[in-house]
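**Q** make a model of this:
(one chain, ligands or ions: 1)
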Amino acid sequence: MVIRAALDEAARCLKEKGNSTPRLDAAVLLCHVLGKDRGYLITHDQERLAPAAETKYREIVAKRAEGMPAAYLTGEKEFMSLSFAVNEHVLIPRSDTETLVEAILEENELGTPRIADLCCGSGCIGVSLAYYIPGALVTMVDVSEDAVEVAQQNAVRHGVGARCRFVCADLLCEQVAGEFDIVVSNPPYIETAEIAALERDVAEYEPRLALDGGADGLVFYRRLAQLAPAMLRPGGLLALEVGHKQAGAVMELLAADFHDRETVCDLAGIRRVVMGRKNG
Ligand code: GLN
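**A** As a prediction, the model looks like this:
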């Protein structure tokens, strides 16, 4: 079978199963199997696939058709123009979260900050900050040992391993205590009862631990609002990603200990980030 026919067959199969981006997914998966980029598929559309490649392609297309996210099948996801390793132990980096990273990068006078990324998952936030802020020292924390391993791998992949530190813990613990300039987090924030109603690809495949924000979705924000003041220097920045409709509640949670509180919208115009500076 030639490349063009393989793509057509895969796209048809994905579409039948309700996939909303069948051609894109068909192409992304074939690039992965062949180790080539999208341009190659276009310029070599009459090239014959080796039998082993064809079999492998059919297998992963079938898994995608069942709902397994493409990023778990390829083991990669692009975030902040960097390619991150992902597996089923970490949330797949979202473009929404780029709003959070960009908001921090836009802060003036970053210098060489000491940064804590709490609930780091794949490390997409902490590693991007280390990559784009030369000299930043980043501590990444996650309760999942498997996630910490992925974050570590991503730091090495992007050449910032020497400036990153990894701690397996549930938010703050003695190993993380200290005077940070920036505390950042994209914690789990989906209301427990809402998880089942998420898209199947998310609800069935992404780690529940990375999604579940408790009954009202705000459990981690309450804990962070309490813990972060002890971690930050006076004037230090707390920057949090929040879910749809959570910005107001989180702004209020930060009212007691933070000033210059503001929200930043994502590309869809949703208030996606809440930031503030520690009083004192
Ligand atoms: N910080 C990681 C991300 O933004 C993981 C977030 C999480 O597990 N809730 O993708």
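**Q** can you list contacts of stretch 189-208?
**A** 67-69, 72, 88-92, 144, 147, 211-218, 220-221, 241-243, 246 (C-beta atoms under 8 Å, 6 or more residues apart in numbering). No exception for glycine: its C-beta is placed from N, CA and C like everyone else's.
**Q** just give me the neighbour total for whichever residue of the stretch 1-150 of the chain sits closest to the ligand.
**A** Of all residues in the stretch 1-150 of the chain, Gly121 sits closest to the ligand, at 2.5 Å by C-beta to the nearest ligand atom. Neighbours of Gly121 under the rule other C-beta atoms under 10 Å: 30.
**Q** neighbours around Leu29, how many?
**A** 24.
**Q** I'd say Asn19 and Ala65 touch.
**A** Yes. Between Asn19 and Ala65 there is a contact at 6.9 Å, judged by C-beta atoms under 8 Å.
**Q** higher neighbour count, those two?
**A** Under the neighbour definition other C-beta under 10 Å, Asn19 and Ala65 were set side by side, and Asn19 has more, 21 against 18.
**Q** what's the closest non-adjacent residue to the residue in the stretch 151-280 of the chain positioned nearest to the ligand?
**A** With C-beta to the nearest ligand atom, the shortest gap between the stretch 151-280 of the chain and the ligand falls at Ala210, namely 3.2 Å. Closest residue to Ala210 apart from its sequence neighbours, by C-beta to C-beta, 6 or more residues apart in numbering: Leu91 at 4.1 Å.
**Q** so what's that neighbour up against?
**A** 121-122, 206-207, 210-211.
**Q** just say helix, strand or coil for it.
**A** Three-state assignment for Leu91 (DSSP: H, G, I helix; E, B strand; the rest coil): coil.
**Q** how much space separates it from Thr21?
**A** 19 Å (C-beta to C-beta, to the nearest Å).
**Q** and for Glu66?
**A** With distances taken as C-beta to C-beta, Glu66 is found 16 Å from Thr21.
**Q** cool, and Glu206?
**A** 17 Å.
**Q** strand partners (parallel or antiparallel) of whichever strand or helix holds Glu78?
**A** Glu78 is part of strand 76-79, with elements assigned from DSSP states H and E. Strand 76-79 has the following sheet partners, assigned by DSSP bridges: strand 82-85 (antiparallel).
**Q** and the partner strand, how far out from the chain's middle?
**A** Between the centre of strand 82-85 and the centre of its chain there are 10 Å (C-alpha atoms, centre = their mean, to the nearest Å).
**Q** could I get the buried residue list for stretch 121-141?
**A** Using 16 or more other C-beta atoms under 10 Å as the test for burial, stretch 121-141 gives 121-133, 136-141.
**Q** now name the helix or strand holding the closest residue to Pro113 other than its chain neighbours.
**A** Spatial nearest neighbour of Pro113, chain neighbours left out: Asp181 (3.8 Å); criterion: C-beta to C-beta, 6+ apart. If you go by DSSP H and E, Asp181 is part of strand 180-185.
**Q** right, and the helix or strand after that strand?
**A** helix 200-205.
**Q** what's next to the very next helix or strand once past that next one, contact-wise?
**A** Counting by DSSP H and E, the next helix or strand C-terminal to helix 200-205 is helix 219-231. Contact with helix 219-231 is made by 116, 118-119, 171-172, 176-180, 183, 185, 187-189, 213-214, 238, 240, 242, 246, 249-250, 253-254, 256-258, 278-279, as judged by C-beta under 8 Å, 6+ apart.
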